[in-house]
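Trainee: I'll drop the sequence and a predicted model, then ask my questions.
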Amino acid sequence: MTDWLEICRAATRDVCTVLEEMPTRAERELVVGDGEGGDETTAIDEAAERAVVARLDAAGLDFALVSEELGYRAPRGEAAPIVVLDPIDGSINAKRGIPFFSLSVAVAEGPTMGDVVFGFVHDFGSGEEWSAQRGDGARLNGLVLDSSLPKVPMELLGLEATRTALVARHVEAFVPVAERLRIMGSLALSLCHLAAGRVDAVASLKPARSVDIAAAQLLVRERGLAIELPDEGPLLAAPLDLVQRSRVVAAGTQEACALVASALS
């Protein structure tokens, strides 16, 4: 059986080396092209992705790859797992030196979000390691995640968006939903913080792709929390590709999740 956790830990060390070799904003934010996901590719995105893919290839495995910059890479044979990779989730934070960005890796047995069997998110700021195995719970730094669940009614809502205009457009509708807001800059990490009960709900104000959430959504679901894609239907049916995009809402209960989705719409 493939030890995906150890492979991801090794990949994390590889990305840490990349970060050490590119310590400044001038080195990290240089635009080197356009990623298959539709966004600009910066030097730090490209270097981190190259390091992680090299680590995956070095393991000698056959897998399909869905990645932020490279796009889709077909497997050599049939019935290979799908690896969904975001080498730097929270790229702006990473480029600016703000310590809140992550490596996100998910492994799936099929083409949809419901087929994800393993999720891994590493926070390069705090050093925390988040992981989940389908049917075996969620873990923080290797220990079963059994902290307090998100509060209902909601006190703290995590928003993810990159534009001030999006916040201005939506924030008034969230006034009756939650007492306080946080906008931290990594959707994967915000969902992990929900899984730990550090925030009580998460809403992405702009559409996200599978690479942004494939790993973290498994932690959320393994804790028995609610997460949905209000723009594209059931989360579990969402394809693991770079085409479909949807805003994301998540909370401690289905009712709370529906309340956040209603405010978002």
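Mentor: Everything's here; your move.
Trainee: so the nearest residue to Ile92 once chain neighbours are set aside is in which element?
Mentor: Nearest residue to Ile92, sequence neighbours excluded (Cβ to Cβ, 6 or more residues apart in numbering): Gly185, at 6.3 Å. Any C-beta I mention is one placed from the backbone N, CA and C, and that applies to glycine too. Using DSSP states H and E, Gly185 falls within no helix or strand.
Trainee: Gly185: what's it in contact with?
Mentor: For Gly185, the contact set (Cβ atoms under 8 Å, 6 or more residues apart in numbering) comprises Gly90, Ile92, Asn93, Ile98, Phe100, Phe101, Glu160.
Trainee: Wait, a strand at the fifth one?
Mentor: No: under DSSP: H, G, I helix; E, B strand; the rest coil, Phe100 sits outside any strand and is assigned coil.
Trainee: Count residues in the vicinity of it, would you?
Mentor: Residues lying near Phe100 (other Cβ atoms under 10 Å) number 17.
Trainee: how far away is it from Pro239?
Mentor: Note on Phe100: its distance to Pro239, by Cβ to Cβ, to the nearest Å, is 28 Å.
Trainee: Now for the closest residue to Met113 other than its chain neighbours, how many residues are close by?
Mentor: Closest residue in space to Met113, ignoring its immediate chain neighbours: Ala238 at 4.4 Å, by Cβ to Cβ, 6+ apart. If you count neighbours by other Cβ under 10 Å, Ala238 ends up with 24.
Trainee: Tell me if I'm right that Ala238 and Thr112 touch.
Mentor: Yes: using Cβ atoms under 8 Å, Ala238 is in contact with Thr112, at 6.3 Å.
Trainee: Can you measure across stretch 230-245, start residue to end residue?
Mentor: In stretch 230-245, first residue to last residue: 11 Å (Cα to Cα, to the nearest Å).
Trainee: Contacts only, for the residue nearest to Met113.
Mentor: Taking Cβ under 8 Å, 6+ apart, we find Ala238 in contact with Thr112, Met113, Ser210, Leu229, Glu232, Gln244, Ser246.
Trainee: quick one: which of these sit in helices?
Mentor: Judged by DSSP state H, the contacts of Ala238 include Ser210 as members of helices.
Trainee: of the contacts of Ala238, closest to Val52?
Mentor: Ser210 (16.3 Å; Cβ to Cβ).
Trainee: residues near that closest one, how many?
Mentor: Neighbourhood size, Ser210 [other Cβ under 10 Å]: 26.
Trainee: So for it, what's the nearest residue that isn't a sequence neighbour?
Mentor: Once flanking residues are discounted, Ser210 sits nearest to Leu240: 4.8 Å by Cβ to Cβ, 6+ apart.
Trainee: can I assume Tyr72 sits in a helix?
Mentor: No: assessed with three-state DSSP, Tyr72 is strand; it does not lie in a helix.
Trainee: can you pull up the bridge partners for it?
Mentor: Val66 (DSSP bridges).
Trainee: wait, doesn't it sit right on Leu65?
Mentor: Yes: using Cβ under 8 Å, Tyr72 makes contact with Leu65 at a distance of 6.9 Å.
Trainee: Compare the two and say which is more crowded by neighbours.
Mentor: Neighbour count, other Cβ under 10 Å: between Tyr72 and Leu65, Leu65 has more, with 20 against 14.
Trainee: From Leu242, how far off is the residue lying closest to the more buried one once chain neighbours are set aside?
Mentor: Distances taken as Cβ to Cβ, 6+ apart put Arg73 closest to Leu65, at 4.1 Å, once the chain neighbours are dropped. Going from Arg73 to Leu242 by Cβ to Cβ gives 12 Å.
Trainee: More neighbours: which of these two?
Mentor: Counted by other Cβ under 10 Å, Arg73 and Leu242 do not tie: Leu242 has more neighbours, with 21 against 12.
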